[in-house]
Structures are given as structure tokens and as C-alpha cells.
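J.: what would the 3D arrangement of this be:
(chains A and B)
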Number of protein chains: 2
Amino acid sequence: MRSDRLGETLLPKKLALPIFASDALSSVAYAPDEILLTLGLAGGSFAFTHSWQITIAVVCVMAVVVASYRQNVHAYPSGGGDYEVATTNLGPKAGLTVASALLVDYTLTVAVSVSSGVQNAASAAPFLHGHEMEVAVGLIVGLTAMNLRGVRESGSFFAVPVYLFMLGIFALAIVGIVRKLLGDLPMAESAKFALAPQPDMDTLSQLAVMFLLLRAFSSGCAALTGVEAISNGVPAFQKPKSRNAATTLLLMGAISVTMLVSIVTLANWTGIKIQDPDRPGALLLDGKPVVNYNEDTVLGQLAHAVFQGFPLGVIFVSIVTGVILVLAANTAFNGFPVLASILARDGWLPRQLHTRGDRLAYSNGILILAGAATLLVIVYDAEPTRLIQLYIVGVFVSFTVSQTGMIRHWNRMLRDETDPSARNRMKRSRLINGVGAVMSGTVLLVVLLTKFTHGAGYAVAAMFVLFLLMMQIRRHYSHVGKELALAEGMDDQLLPSRVHAIVLVSKLHKPTMRALAYARATRPSVLEAVTVDVDPEETEALQEEWERREIPVTLKIIASPYREITRPIINYVKAVRRDSPRDVVMVYIPEYVVGHWYEQLLHNQSALRLKSRLLFTPGVMVASVPWQLDSSQGQEQHLDGFAPGAVRRGR
Amino acid sequence: MRSDRLGETLLPKKLALPIFASDALSSVAYAPDEILLTLGLAGGSFAFTHSWQITIAVVCVMAVVVASYRQNVHAYPSGGGDYEVATTNLGPKAGLTVASALLVDYTLTVAVSVSSGVQNAASAAPFLHGHEMEVAVGLIVGLTAMNLRGVRESGSFFAVPVYLFMLGIFALAIVGIVRKLLGDLPMAESAKFALAPQPDMDTLSQLAVMFLLLRAFSSGCAALTGVEAISNGVPAFQKPKSRNAATTLLLMGAISVTMLVSIVTLANWTGIKIQDPDRPGALLLDGKPVVNYNEDTVLGQLAHAVFQGFPLGVIFVSIVTGVILVLAANTAFNGFPVLASILARDGWLPRQLHTRGDRLAYSNGILILAGAATLLVIVYDAEPTRLIQLYIVGVFVSFTVSQTGMIRHWNRMLRDETDPSARNRMKRSRLINGVGAVMSGTVLLVVLLTKFTHGAGYAVAAMFVLFLLMMQIRRHYSHVGKELALAEGMDDQLLPSRVHAIVLVSKLHKPTMRALAYARATRPSVLEAVTVDVDPEETEALQEEWERREIPVTLKIIASPYREITRPIINYVKAVRRDSPRDVVMVYIPEYVVGHWYEQLLHNQSALRLKSRLLFTPGVMVASVPWQLDSSQGQEQHLDGFAPGAVRRGR
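T.: Below you'll find the predicted structure:
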């Protein structure tokens, strides 16, 4: 896309909702599982009696977060993501904290969503059981390939499966509730099992109960991931942008909450029992551990129960759930490189990640994300429950910092605002963001407290390492920037007095002759050809041919008793510089241009080594005089396809 | 070592023997195992009755091969290895065949010797059982590190363990024979077992017996590996070189044969049974398969039996056997890079493997060898028996081709020789080499016939792939050589009429100013600074500063609607060339020189990409104008340590 065409297509709400909501809505595919499973550690009946409390707590947090982000949307119609909000209001270190959290979060979004997608698909396709990890890695590879090819999904591509997912879940909820009212809601497959409490849970102290409830709440907060997506996307909305975005956010929150409550309620009604994958054998049948039982997800079991006798319904729910989870993973593939590009613009990441829309830059971001997510999937065996322990920290770090930043934002606005009604609106917003900040901060504390040793610690460590790394990179750039900055005045423009040109010769062939011709064309003050005497016979032959061809340039022969090439040349160049320090030395190196990377292995090795060494010597320039081998023909066009901007231009 | 100091130290026979013989002598550590194990497929008694026949056959082949190579030694006192002999006498393709065989062979030498060494050491150190693979890989890593550091073993370093090995084996033989004569030779540990024949061996047809005997013979020929080593090393002998080398060869053959015969005889006397590692459970005790039995090597079991009641003897034999096998592997670490260097000199392998004594070149060779050997050890689980199936093909390919080459050699010599006594000597030599060629060829056929499906096929495939690869490399070099060759006459020295200098500018800092200053110093016909307008704001700022600083060079701004950098510059350069085709364009690129590889990731990425693309455009030179960042200080010395020749010079 040409720069001047950016931003021509704006989204109506009905398209914006599915585009930005796939991540947030898809979380209901795993959040109920986590609530039931964690509570299940205290036994099946405990999960039954307490899951609604947890759900209500999660719904409250969701309401507050949605309300808070509605303020963001109004305050930053330019689409300031959490990173921008934090940086603008709280300074670069806060911004960097958010950025570290978000980078980790995007990676986990891919790992969790894909793993959960596979697990859900396995409800309809039982042959996937036991191969979850391989399938998940395959999906990540597929997403990577798709994103590397630069396929931009259109709105409708996104909209259809998201609406189908909503359709599926609401159908499930309605059919389930109707059947319950009619009194013919079947029990779930796992209802016949008992769920043994964890051994140390037999004698539950008040404190232990409290802790377990908090842990279940932390896990349930996985339902909040992806809520912030809309606040990044405000500029893509049709006008009035902020209004539409705020409405969409509210709608999304409402749908999400309805789904969550429905699923947890139905799960209780159908008696679903979920065991911790790290505690196999907790499910009992007639007092004995159940073996050879492939546990389906809550959604999968619900679909089987509610749509009993209607297998198409089961398959439909499983498939749309799998698909929306993969779409959720895909949003990370879009978000990660964009964030990396913004971070690179601000000097926190290597510059080549910046150039906006640069295909190569994006490729790097996509590959880094894919690599990290694959590693996570392999290490955690594509088990969503294990991955979710790491997940929620990042989300709540960025929620908390961003909401705190918003308080500062309103404070600043209030300083300059005199209109009483505007001031009142701002104070109201500040209050909402304040509640949001306190709530997010509390949840963050709870998450850290209950999950640090279960995996959240790794996420914190990863954020910390990223934070330090990005600090170092920025420090490097700023250090180099100072080193390179021009002083005022013209003193940097002193011209060297003369140019001493040296053409490196190993033997006499066309590339050498071209280098000599070009060097002579530049009419240097001194011009000489230089060769290193590694093999006396070859040197003599070279000298003879040189004279026979009457080449009008002196050939200087440098001795090399240890058969080195680089060092004698470096020493010679240094000697030239010493004799006339105001000269600049230009070393001409004939170089082959080859068509294939493997040909590169066969050529230029000593030239490259020499070049990289020469560049360390002050007052020396190195000129590559290329000789295009036949095999290089046609490669030019090929390389163009990979150049930055090639995608925008269209090949 | 300085070039002019090469070849000052010559070896007396007593040092040459251990230096060149470790590979050949060490083969007796695994050859008897292979004979007994293969015969054992037909049951324990079959092995007992037939092993002496096989041994005699192997001794005969050894005698012929030694006699043949004594002719090589006399004919090529310059130390023509099999590759040289084949190339000189039978042409490059024969040479290349031998080279492929030898490269595969060196790799297998490392894998087999190290694996067998670990197996033998396990006789004295039973805790190694079950960890053979890991220990073997560790040993290869150790050898690699040693050879990468360029530690050259002195003669005495080699001599001591080889002589100790001879001492150990001869002591074993003598004590064993004496005890047998005295009638108190104990039976081996495995004598109490029965060895079940392979199921399909119950009804042995004549043909099956024949085939099994041939297969055992093939395996036994492993004793011949390394015999050719002396023929490569003739120049290292004291004068008379050929005479001394021939004597040493004879001595080595005699020692090797004596050891082999002694070991097989003692193995029969002590009733040793060896089972195929791929046929576990063949050993029976009271009719039931033996479990939890760690099978020692023949040498290990012999030592345990012969030195019963004298554990120091057992440990001594195991350790010296392990050590000599590792030394044998080390000979491949010396031989492989030297051969690769010769092949690179002849254009069969990439040139950077050539430079004689170049540490970097040798490093590549050493790493390739180590990598391939490690892979083999892992794939074949450090099991010598499995590796040996691949081993012997290469050896006999090179024996056969080399001996055939020797026949041609003598034919050519005979054409010019008139002295009857000399002619007689030559005819005698030709006869010996002829017998050698026929015998080697026959053994090669037998090996291929009996082992192709057991693994030799892979070795043949590897040789074939290497052969094709090296053909391709040489074809490439010769193609390029023709492309680059100068025609007679001076037409290649046409000078371009003018120089059009372009300085690439992204922003104004010291590197840019230096590039401008240097470019101006070369006084080109046209000089202009060029920047690409990717971001209008930045471009405007650049332009303003340019004017403010009154830089006396025109700044040209190239539009880039797709935010590309490379393509607009390439197009501009091409346009310049089109307008004045006889101009040469010199593009100056300011480049940062950094101290650490990871800093490179943070800089120069677009410059490098641009440079590699510019080199494809004819009539363009690219000059790197380096700016040495502070961090590059001191790195220069560091790089020097890795430059070719650094080892010879001594740091």
C-alpha cells in the first residue's frame, strides 16, 4: 500500500467487533476449565459450590476493565495502546514495562490459544488425543507461513467464524437452559466420576480455602485477555470513532460475560468434573482411579451433553471453537510485529524491526514470535492449563500500568480545563480509571501471590530479561548517537590532502583488470597494485605476465614468510598511513558476484576477511569492484522480491 | 612454522613405526571380534572350527597388501598417497574416486576407533557400560578441541602408548601360550555360554556356509585399515627414505599379523563366544538366554582370562588398547584436513580449505570431520560392529584403484627403461602390484557382496554423493576460470571516461561527514549526496541542516512512495549509467565498525542489503567508508588471533 493511501478503509461496528474480539471471546473456551479445575483440587463438590462465586468475581473485574478501557478509547482516539499511554503519562520506563509484558503476552496468546484450540478440536476429532503437541506446533508453523507470505485477512474473513462461534455458544446456552427447564438436560460424560480432593486438601483450613479460591479466581481471569485490543484499534473505526469503539467494547464485554456465565452454569448443571493434567488419577469411578479416559474440555463435554442425539451440533461447536482460537493466535501474529516496530522506532529494539510495513522486518518479528511460542508449546506439551499459569501476569501488568497512566492523563487534562461540565466528565473518567487501576493492581497481586511458583514466575523473569535487554539496546543506540553527533561548526569537513589507491591483486584475470581500470579512472595521487607473496612460483608467474602485458601500474610484492594474507596487507596499509597521515588510503578489492548462496562459499572468502579487517584501520576506505559472474544474471530480480517495500509495491 | 623451515625434522624408523602404525595396529582390537561374531551367527562351534581359516585368509591379504605398498613406497618417495597415485596414473576421475573413498574412510576411522576404544576401556571400567555413546561423543569433542587448538603431537607422544600397546598384546600372547602349554590357561568368562545359531542357520546349505565365511572374512579385513598410512609419509623418513619406509611397512605388517593370529588362537583356546549386538539373546546358559550380561570385547575377555589373578595386567591391556584406538582416531584428524587441502588445491573442494597450514582452513576440515563422525557414533550408538559394516569399502576402493594405478606406473616406466636389471625389478614390482590389485579388487567385491545391505551401501552412497559434489565444485571453478580468463591483447584495459561519485546519506553525523570528505578528496567528475525520502519530516530536517551547515555538495532527494530504500537507489544509479554509459559510478556508503557481533545486529543492516544489491549492477563500485565506533577498539588484536597464519607465526 502506498503511504498516501493508508487509512482509506474504515470499519463499521459489525465488522470491528469480530476483528478485535476474537482474542477476548475465545478466552471463554479455556477460562471455565481453569476455574473448575483449580477448585477441583479441593474435590468435586467444592468446585460445584464455589464456581459461581468465582465467576461473579471475574465478571466484576471484566466490568471494571471494560469501563476503564472505554475511558482510554475516548481519551486516545489516535489508538494509543497501553505502551503509548504508559510512556506518555508515566515515562519511558513504565512504557518499557508494559512493552515487555505485552511481548511476553503475545507469545503466550499464541501458545495458549493454539493449544486450547487443539484440545477443543479433539472433542470432535478424538484421534487428535495424544498428538496435541505435534498438531499445535503444526498450526503455529502454518500461521507463521501464512503471515510470512503477507496474507492480510480481510474483515469478512474474520467476521464469519467469530459470528459462528457466538452462534454456537449462544445456541448451546439456550438449548441447555431450555432442556434444563424442561427437565431433560442430560448429565455430562464426566458427571459419573467423583473428583478426589488433593491429599493435603482433606483438612481444609480457612486459609487454604481462601488461597484456593484466590487461585481459581486468578485462573478465571484468563477470560479477560484480549479486552484491550479495541483500544489499539480506534483509528480503524468509522466516525464517530471513539463513540463507536466504546460501544463495541461494551458489546464485547457483555457477550463475553454472558458466555462465561452460561458455560459455568451449564457445567454445574451437567455435573462436569475436570482434573488437573498434572494430577492424573484424581477422577474416581467407584472409588478407583479412571484409566484410559480422554478428558474433553468443558465446552466439548457441554456440547456432547446439551446436543445429545444431535452430533452435528457437537462438531459445529468444536470446530468453530478451534477456529476462533486459531484466529486469536493470529491476532498476536499481527500485534507482535507492530509493537516491535514501534519499540524499534523508539530505539528499544534493533532498528531493522522498524521500517513500517517492511516485509523483512515483519518477517523477523513473526519468526521470533513463532519460535518462542513453539518452544513454549513443546516445553509445556501443548497443555493450556500449564501455559495459563504464565499467561495472566502480562495482561494485568499492562492493565495496571495503563490505568495508572490514565489517572495521570486526567490530572493533566484537569489542570488546563475550566469548563465545569467537561471537568465533571473528566473527574468521572478519572474515578473509573482509578477504580480500574486499583482493581487491576489487586488482581495482579493475587495472580502473583497464587501463581508465582506455578509458572507465573517464569513469565515475570522473561519480562524482566526483555526489559533489561531493551534498556541495553537503547543505551547502546544513544551512546552511539552521541559518539556520532556533529559538533556545531565546520571542523568535520577537513579534506584529506591526497588519495593513495591500492589495488589488491591475486592473479591476472578480468576482475583484476576491471579493478585496475576503475582505480585508474579515479586518478588518485598514488596508484599501485599490491600482491602478497604466499607462493613464490605463482608470484613469479604473476610478475612475468604483468610485465608481458605492459600494465601501466607498479606491482608491489609484499613478503609473507608465514603464508598469511591479511596481516602483511594491513601492515602495509598502516605503513602508508604512517608515512603520510593526511592521505586517505583507498583499497580496491576485486570481488565476484555470484548467483547462489552456495557459490558464495566457493569465492571471496579471503577478500571478505580482509575487508572486515581493513575497516578497523582508520583513514582507509575499501572499494569493492564487482565482477558479475554469469550465474548472477537473473538473481537481481529474485532478490528484489525480498527487499523492504516489495510487498507494498506488489511484485 | 615458517615456509623455509618445513621438513627439517626427519623420523628414524623407531619413531616412524609408532607414528604411522597406530591406525593399522589398533585394528587388531576389533577385527577378531568381528570374525568371531559373524561366524557365531551359525552357532558357537562353527566359530570355533572356522575362525582360523578366516584368519589365514586375512593374513594372506595383509601380506599381499603390504608387499604392494612396499612398491608404492619405492616408486613415490615423494609420499604420493593413493589419491596422487590414482590421479597421476589413471586420471582425475580415478583420483576423485579414491578421494571420496578416503574422506568417507577417515570419518569412519574416527567413529570406529573411538567406539571400539570406549568398548575396550569398558572391560576395565564396567561403569562405562550403557554410556558408550556419550563417552564416545565426548572423546570426539575432546579430540576436536585438541586439534583445533593446533596441538601437534610430537613423535614421542605417539611412540610411548603404541609401544606399550605392543608390549601389552605380546605379553598377553606369551603368557597365554605359556599357560596353555603348562595346561593352566583359564577359560574365558563367556566360555560357559552356548551360542545359539541364527534361526535360518539351522539347516546350513553349502551356499549359506560359503556366504557366511565370506562375510566373516570381509569383517576380518578390518584388520587391514591403516596399512596405507606409511606410503603417505615417506618424505618424513630419514634417508634412505624409501628403504626405511619399506622396512617399517614390513615390520608393521609382521607385528599386525602376529597380534591377529595370537588373539584369534587364544580366543579359541579360552572358548570366547561373542554375540552380534543386533541379535541379543543368542548367548544361552543352560538353554536359556543370558540376561544382564555386559559383553566385553575379545581383548578384554582374553585379558581377564590370561591375567587371571593379576588385575593390573587386565587394566593395563584395556587402557593401552583404549589409548591406541584414540590415537588412531587422531590420525584421521591429521589426515582428513591435509587431504581436503590437497583436494582444494586441485579445485575439487572450496578454495578456503587449501592454504597450507592455514588454521582457519584446517578448522573447517576438523569440524566437518568431527561433525560427521559424531553423527555416525550417535546413529550407530557407538557400536563398532555396526560401524564396521560401512568401514572396509572405502579402504579397499582406494587399495584397488591405487594398485591398478601402480600397474600403469610400471608400464610407463618400462617404456623408457632399457637397463635389463632395472627392467626386471620393475616387472617384479608390476607383478606384485598386479597381484595386489586383483586381490584388493576381489576383497572389495566380496565386501560389497556380503555387506552391501548391512551398511556398506550407505558408505558407497556417501562416496558417490561426495564424488558428484566435488565434480560440481571443480566444474564451477573451471567454468568461472574460463569466464574470467584474459584474452591476449590489451582490450581489457579500456578506461572509463569519468567517475560519478554518489555519497549515500541517511542523516548528518560524523560517518556521513567523513564519507563526504573522503569522496571529495578523490575529486570525482561528478559528486552528489543522495538520500531517499522515506519519511518527509526527516527528509526536510536533513535538508535544512544540510543548508545550514553549507555543505558544498548537492543533496539529491529521491522519492520513494512505497517507503523502499534499496530500489530507488538502484534505479537512480541505473539511470546515471544509462545517461553516460562510459562513466563508472562509485557509491560511498558510510559504515559503522563495531566491536562485537551482537552490535552488528544493531547497525548496518540496510547498508549491507543495499551494498549486496548494488554489486549486481554493472559499472558500479561500492566504497565502504568505515567509522570506527569506540567499542571497536581492541577488537583488532582479537581478530588477528584467528587470521590465517596466526598459528604458524605464534601469537
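J.: could you use CA atoms for every contact and neighbour count after this?
T.: Noted.
J.: low-confidence ranges in the stretch 451-600 of chain A?
T.: A:488-494 (pLDDT under 70).
J.: quick one, helices of it?
T.: Taking DSSP state H, counting those that start in this stretch as the test, the helices found in the stretch 451-600 of chain A are A:456-484, A:510-521, A:536-548, A:566-579, A:597-602.
J.: including mean neighbour count, could the ones you listed go into JSON lines?
T.: Formatted as JSON lines, the helices of the stretch 451-600 of chain A follow (neighbours: other Cα atoms under 10 Å in any protein chain shown):
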{"stretch": "helix A:456-484", "mean neighbour count": "16"}
{"stretch": "helix A:510-521", "mean neighbour count": "23"}
{"stretch": "helix A:536-548", "mean neighbour count": "13"}
{"stretch": "helix A:566-579", "mean neighbour count": "16"}
{"stretch": "helix A:597-602", "mean neighbour count": "13"}
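J.: could those helices go into JSON lines alongside distance to residue A:72?
T.: Formatted as JSON lines, the helices of the stretch 451-600 of chain A follow (distance: least, Cα to Cα, whole Å):
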{"stretch": "helix A:456-484", "distance to residue A:72": "24"}
{"stretch": "helix A:510-521", "distance to residue A:72": "62"}
{"stretch": "helix A:536-548", "distance to residue A:72": "75"}
{"stretch": "helix A:566-579", "distance to residue A:72": "60"}
{"stretch": "helix A:597-602", "distance to residue A:72": "50"}
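J.: residue contacts, residue A:447?
T.: Counting by Cα atoms under 8 Å, 6 or more residues apart in numbering or on different chains, residue A:447 touches A:215, A:218, A:392-393, A:456.
J.: out of the residues you listed, what pair is the most spread apart?
T.: A:215 and A:393 (12.9 Å; Cα to Cα).
J.: and the gap between residue A:603 and chain B?
T.: Distance of residue A:603 to chain B, given as Cα to the nearest Cα, to the nearest Å: 8 Å.
J.: which residue packs closest to that residue, ignoring adjacent ones?
T.: residue A:592 (7.0 Å; Cα to Cα, 6 or more residues apart in numbering or on different chains).
J.: from what I see, that neighbour and residue A:630 are in contact.
T.: No: taking contacts as Cα atoms under 8 Å, residue A:592 lies outside contact range of residue A:630: 10.4 Å.
J.: ok, the two, which is more surrounded?
T.: residue A:592 (22 against 13; other Cα atoms under 10 Å in any protein chain shown).
J.: got the phi and psi for whichever residue of the stretch 301-450 of chain A sits closest to chain B?
T.: The nearest approach of the stretch 301-450 of chain A to chain B comes at residue A:350, 5.0 Å away (Cα to the nearest Cα). As for residue A:350, its main-chain torsions (degrees, to the nearest 10) stand at phi -50, psi 140.
J.: doesn't residue A:340 make contact with it?
T.: No: with contacts counted by Cα under 8 Å, residue A:350 stays clear of residue A:340, the gap being 9.1 Å.
J.: using PDB, write out every CA atom in stretch A:505-515.
T.: The C-alpha coordinates for stretch A:505-515 follow below in PDB (Å, rounded to 0.1, in the frame of the first residue of the first chain):
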ATOM      1  CA  VAL A 505      45.900  -8.500  -7.000                       C
ATOM      2  CA  SER A 506      46.000 -12.300  -6.500                       C
ATOM      3  CA  LYS A 507      46.100 -13.200 -10.200                       C
ATOM      4  CA  LEU A 508      45.600 -11.500 -13.500                       C
ATOM      5  CA  HIS A 509      42.100 -12.000 -14.800                       C
ATOM      6  CA  LYS A 510      39.100  -9.900 -15.800                       C
ATOM      7  CA  PRO A 511      38.100  -8.800 -12.300                       C
ATOM      8  CA  THR A 512      41.600  -7.600 -11.600                       C
ATOM      9  CA  MET A 513      41.800  -5.700 -14.900                       C
ATOM     10  CA  ARG A 514      38.400  -4.100 -14.200                       C
ATOM     11  CA  ALA A 515      39.600  -3.100 -10.700                       C
END
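J.: tell me how far it is from the chain's mean position?
T.: 49 Å (Cα atoms, centre = their mean, to the nearest Å).
J.: other residues contacting it?
T.: In contact with stretch A:505-515 (Cα under 8 Å, 6+ apart) are residues A:503, A:529-532, A:542, A:545-546, A:588-592, A:625-627, B:484-486, B:492-493.
J.: switch the contacts of residue A:447 over to CSV; also include distance to residue A:560 and secondary structure.
T.: Below are the contacts of residue A:447 laid out as CSV (distance: Cα to Cα, whole Å; DSSP: H, G, I helix; E, B strand; the rest coil):
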residue, distance to residue A:560, secondary structure
A:215, 73, helix
A:218, 71, helix
A:392, 64, helix
A:393, 62, helix
A:456, 61, helix
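J.: what parts of the stretch 251-400 of chain A come near chain B?
T.: Applying Cα under 8 Å from any Cα of the partner chain, we find that the stretch 251-400 of chain A lies next to chain B at A:350-352.
J.: give me the element residue A:401 is part of.
T.: Using DSSP states H and E, residue A:401 sits within helix A:384-416.
J.: who are the packing partners of that helix?
T.: helix A:82-90, helix A:92-124, helix A:206-220, helix A:420-451, helix A:456-484 (3 or more Cα pairs under 8 Å, 6 or more residues apart in numbering or on different chains; DSSP states H and E).
J.: in the fourth one, what counts as buried?
T.: Pointing back at helix A:420-451 there. A:423, A:426-427, A:429-430, A:432-437, A:439-441, A:443-448, A:450-451 (16 or more other Cα atoms under 10 Å in any protein chain shown).
J.: run the angle between it and helix A:384-416 for me.
T.: Taking axes from the mean of the first three to the mean of the last three Cα atoms, to 10 degrees, one finds helix A:420-451 and helix A:384-416 inclined to each other by 150 degrees.
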